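S.K.: Here is a sequence together with a model predicted from it:
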Amino acid sequence: MTGTTENEKQIEVDFKDKMTYGEYLSLDRILSSQNRLSDHHDEMLFIVIHQVSELWMKLTLHELHAAIEAIKANEMDVSFKKLARVSQIQVQIIQAWDVLSTLTPSEYSEFRDSLGSASGFQSYQYRMIEFALGYKTPHVLKIYEKDPALLAKLEEAYQTTSLYDTAISQLHKAGFNISDEILNRDQTKPYVADQTVLEAWKVVYRDTETYWELYQLAEKLVDIEDRLQQWRFRHMKTVERIIGFKMGTGGSSGVNYLKKVLDQTFFPELWQLRTEL
Ligand code: HEM
Ligand SMILES: N[C@@H](CC(=O)c1ccccc1NC=O)C(=O)O
């Protein structure tokens, strides 16, 4: 027998009618996942901030993937809407640092030891976002060597065309001369700034009327990198406020490592062009 029987349809309707708010949102699972390892009151704040950030990262990835597909299909307005949503999500996770800043060094030190060697370093969604935007370094994958399931997901994301590579393809499609090294580049290698890409973006910014869509796309990318850097800066400063210059649980130097990460850029030419316009 194929298709849905009348009886099955009725069961579906009945279930939908009776479905509750909590069932729809799987609240039983979400709200029973704040498992403190210490009995310290403030560990709840620490867990919730991370879980909220990871949920926003999940939506960010969902929107970024849709934006990339929309650009590839030349549906630029659709992509702008998704990218604008990503920027607004970023505002939320930047603001979340204000809540975490209410955690004092004394409070954190009371449960820090129970975290062992766990660290935000291991956030795989954070890496997926870096990859989706276009920041790819193979050494990051090493962090996940002990977890084959995660590693497989990350490797797939690593191979996938990034937002910046997609934007550069649009420049090429619009008739700009983009060097072969960039167009045929191994997309798993770190992106290195390129003169032809810089020249193309400069023309876009000088003649915004002709290249209105590319200009809007570029500014959406700058919005995202700007906010990502604001997030990194607040992370670094909040960490300094809470643990000073102690080493990180993930094995890095801590705040000094987080300061170095601030130098990493996603869309180098879009920043460089500002000096040259
Ligand atoms: C008391 C709060 C926090 C402290 C003390 C802290 C500290 C650190 C330190 C020291 C590192 C460097 C790696 C290491 O050696 O562990 C790091 C990395 C990281 N943390 Fe946090 N962190 C805090 C909160 C958060 C929150 C709320 C998030 C949000 C998800 C987060 C996400 C990350 C990410 C993604 C990295 C990797 C950054 C990179 O490699 O570019 N952290 N954190
Ligand atoms: N790296 C932090 C620990 C930490 O922040 C952390 C530990 C477990 C789960 C998430 C964390 N958040 C971000 O790095 C520290 O060195 O104190």
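M.R.: Good, I have the coordinates. Ligands and ions are numbered 1, 2, ... in the order given.
S.K.: mind listing what residue 140 touches?
M.R.: By C-beta atoms under 8 Å, 6 or more residues apart in numbering, residue 140 lies in contact with 127, 130. Any C-beta I mention is one placed from the backbone N, CA and C, and that applies to glycine too.
S.K.: what's the distance between it and ligand 2?
M.R.: Separation of residue 140 from ligand 2 (C-beta to the nearest ligand atom, to the nearest Å): 15 Å.
S.K.: per-residue pLDDT, that residue?
M.R.: Residue 140 carries a pLDDT value of 87.
S.K.: count of residues packed around whatever residue of the stretch 51-200 of the chain ends up closest to ligand 1?
M.R.: Relative to ligand 1, the nearest point of the stretch 51-200 of the chain is residue 120 (2.2 Å; C-beta to the nearest ligand atom). Other residues lying near residue 120 total 14 when counted by other C-beta atoms under 10 Å.
S.K.: where does it land on pLDDT?
M.R.: 95.
S.K.: Surely it is in contact with residue 126?
M.R.: Yes. Counting by C-beta atoms under 8 Å, residue 120 touches residue 126, with 7.1 Å between them.
S.K.: so what's the backbone phi/psi at the residue in the stretch 151-277 of the chain that ligand 1 sits nearest to?
M.R.: Going by C-beta to the nearest ligand atom, ligand 1 is nearest to residue 248 of the stretch 151-277 of the chain, at 2.0 Å. Phi and psi for residue 248, reported as degrees, to the nearest 10, are phi -80, psi 150.
S.K.: Contacts only, for it.
M.R.: Residues near residue 248 by C-beta under 8 Å, 6+ apart: 119, 121, 254, 257.
S.K.: same thing with residue 250?
M.R.: When contacts are counted by C-beta under 8 Å, 6+ apart, residue 250 touches 117-122.
S.K.: how about a markdown table for those, with secondary structure and distance to residue 37 added?
M.R.: Shown next, in a markdown table, are the contacts of residue 250 (DSSP: H, G, I helix; E, B strand; the rest coil; distance: C-beta to C-beta, whole Å):
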| residue | secondary structure | distance to residue 37 |
| --- | --- | --- |
| 117 | coil | 13 |
| 118 | coil | 10 |
| 119 | coil | 15 |
| 120 | helix | 16 |
| 121 | helix | 18 |
| 122 | helix | 16 |
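S.K.: Report the buried members of the residues you listed.
M.R.: Among the contacts of residue 250, those classed as buried by 16 or more other C-beta atoms under 10 Å are residue 121.
S.K.: can you list the residues of the stretch 151-277 of the chain near ligand 1?
M.R.: With the criterion set to C-beta under 6 Å from any ligand atom, the stretch 151-277 of the chain comes near ligand 1 through 235, 239, 242-243, 248-252, 254, 257-258, 261.
S.K.: Let's see which of the residues you listed end up in strands.
M.R.: Among these, no member falls in strands (criterion: DSSP state E).
S.K.: Next, check these against the helices and list the overlap.
M.R.: Using DSSP state H to define helices, the subset of these located there is 235, 239, 242-243, 257-258, 261.
S.K.: From these, list the buried ones, please.
M.R.: 235, 239, 242-243, 257-258.
S.K.: of these, closest to ligand 2?
M.R.: Ranked by distance to ligand 2 (C-beta to the nearest ligand atom), these are led by residue 243 at 5.4 Å.
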